[in-house]
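Participant: Here is the input, now give the coordinates:
(one chain, ligands or ions: 1)
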Amino acid sequence: MVTIKELLAEDGIIFISIDDNEQHHLRMLMDEIFGEKNIVANFTWWSKYTLSNDSKTISYQHENILSYAKNLDVCQIGLLPRTPEMDKSYKNPDEDPKGPWKATPLHAKSGRDEDRYSVQFSNGVTWHCPEGRFPRYTQEKLMELYNDDQLYFGKSGKSQPNKKTYLSEVKAGKTIGSLWPYHEVGSTHQANEELASVMGKGAFNNPKGTKLIQRVFQTANLSSDDIVLDSFAGSGTTAHAVLALNKKDSGNRKFILVECQEYADTITAERVRRVINGVPDATDEALCEGLGGSFTYCTLGEPLDIEAMLTGEKLPTYTALATNLLFTSAGISVEDVTLDQKNDDGLFYSDDKNDYYLIYKPDLEYLRSNEAILNMEHAKRIQDSSYENGKKAIVYAAGNHIGQRELTKMGIAFCQLPYAIHER
Ligand SMILES: C[S@@+](CC[C@H](N)C(=O)[O-])C[C@H]1O[C@@H](n2cnc3c(N)ncnc32)[C@H](O)[C@@H]1O
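Facilitator: Purely as a prediction, here's the structure:
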């Protein structure tokens, strides 16, 4: 969770679906890591419309989605689109150039007696604040509204006035509530059907649906080029939802899915491949022709335990270390290639510009010996083979006997391995 927080953008939000058994533990953990003040909400997804009568105790009809911002002060919670229902009461009977408006009273339920007043407008109408009510605006503000033609005196122009509240001035969307009912965000049943339409029945238990994930995106106020990480990807609903949204609005959002089970390829990635390429039998037209997009499938290599490397307790294989160094220091990811030592000097990889050397054996005795050190003789051989071919040599080793100035002249960049730190 600490790593997830680090990975989040400053205005990013995390959403975690969790059942009641673990919810309170997770909440404490999240309060500790993200800070109590950064909770967005514990959303309730009303996910089932039926009751399980065979349930021994309670039939659960909802799931919790706990959500925290990395920093609630900078993150902008999204809005839902306004509904026609919400806009229905905005009209423009007097053809106001500011567009449709809704009449709102000039008085409110609460206030102070001393703030009550009556006023006569230059059109001859007198406004008294009604008994038991209080002015919503000061007399000065009310006159400003009058002079700005923001008061409506009815069709006759002589009725008691109301303020015009313009549609263009109200919130551009609908505030998101904490209850997400199935008729808005889909049910568990619909999510199963959705997955079945792509992968066949029973491919994965309890997937989420793309409509629910869509609500998550709206809440997080996802922009058209944001990145979504799902570290518990399961059936890959998150990628499906990202691709569907990109297709709908020509966005360029990206996704990263992580899945540790063997079905990462056969279910998680396979669903993504299918929705990209098209699902001929799908009822949804966009899905039928394919949502488009692309992704790269990667598998994790052997984990490197830096602590254990430093103590010499656990040394990685040559291949694992070479693969990791190439990726972490040069950003090169090799797929389906096993990086082995190609010559006695430790060459393990070449591209157009660089040759990569690793002087290493997973053997403490060796790492403590002079053999593991880059010396002049070794460096000259590297120079002869790389520099002479117009390439820079990147050399990883436990130690180095040559000054940087000399190495630069030889076209060698030296990178220290951590083993040199222990007992050398
Ligand atoms: C409840 S499922 C997620 C379902 C997903 N939301 C969907 O719509 O299909 C949780 C998934 O997280 C995976 N998982 C659990 N621990 C993990 C870990 N440490 N790293 C990666 N995946 C993990 C499980 O294998 C499982 O597939």
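Participant: which parts of this structure sit against the ligand?
Facilitator: Neighbours of the ligand within the chain, by C-beta under 6 Å from any ligand atom: 204, 207-208, 231-232, 234-235, 237, 258-261. For the C-beta atoms, the positions are set from N, CA and C on the backbone; glycine is no exception.
Participant: Identify the residues contacting whichever helix or strand Ala239 is part of?
Facilitator: Ala239 is part of helix 237-249, with elements assigned from DSSP states H and E. With C-beta atoms under 8 Å, 6 or more residues apart in numbering as the test, helix 237-249 has contacts from 191, 195, 198, 207-210, 213-214, 217, 222, 224, 228, 230, 233, 251-255, 257, 271-272, 275-276, 286-287, 291-293, 295.
Participant: what about the residue of the stretch 251-400 of the chain found nearest the ligand, distance to Ala308?
Facilitator: Proximity of the stretch 251-400 of the chain to the ligand (C-beta to the nearest ligand atom) peaks at Cys260, 3.7 Å away. The gap separating Cys260 from Ala308 is 21 Å, by C-beta to C-beta, to the nearest Å.
Participant: Same question for Leu315.
Facilitator: Relative to Ala308, Leu315 is positioned 8 Å away (criterion: C-beta to C-beta).
Participant: ok, now Asp149?
Facilitator: Taking C-beta to C-beta as the measure, Asp149 falls 76 Å from Ala308.
Participant: Residue of the chain nearest the ligand, please.
Facilitator: In the chain, no residue comes nearer to the ligand than Gly234, which is 2.6 Å away by C-beta to the nearest ligand atom.
Participant: can you tell me which two in the residues of the chain next to the ligand are farthest apart?
Facilitator: For the residues of the chain next to the ligand, the maximum inter-member distance is 17.8 Å, found between Lys208 and Cys260 (C-beta to C-beta).
Participant: who's more crowded, the two?
Facilitator: Higher neighbour count among Lys208 and Cys260: Lys208, with 26 against 10, using other C-beta atoms under 10 Å.
Participant: Test my guess that the more buried one contacts Asn192.
Facilitator: No: using C-beta atoms under 8 Å, Lys208 is not in contact with Asn192; the gap is 10.3 Å.
Participant: which residues in the stretch 1-150 of the chain form strands?
Facilitator: Using DSSP state E, counting those that start in this stretch, the strands of the stretch 1-150 of the chain run over 13-18, 39-46, 62-69, 79-81, 101-104, 107-108, 118-120, 126-128, 134-135.
Participant: Include mean pLDDT and mean neighbour count when you put those strands into CSV, please.
Facilitator: Formatted as CSV, these follow (pLDDT from 0 to 100; neighbours: other C-beta atoms under 10 Å):
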stretch, mean pLDDT, mean neighbour count
strand 13-18, 97, 20
strand 39-46, 98, 19
strand 62-69, 97, 21
strand 79-81, 96, 13
strand 101-104, 95, 17
strand 107-108, 94, 14
strand 118-120, 92, 12
strand 126-128, 93, 13
strand 134-135, 95, 18
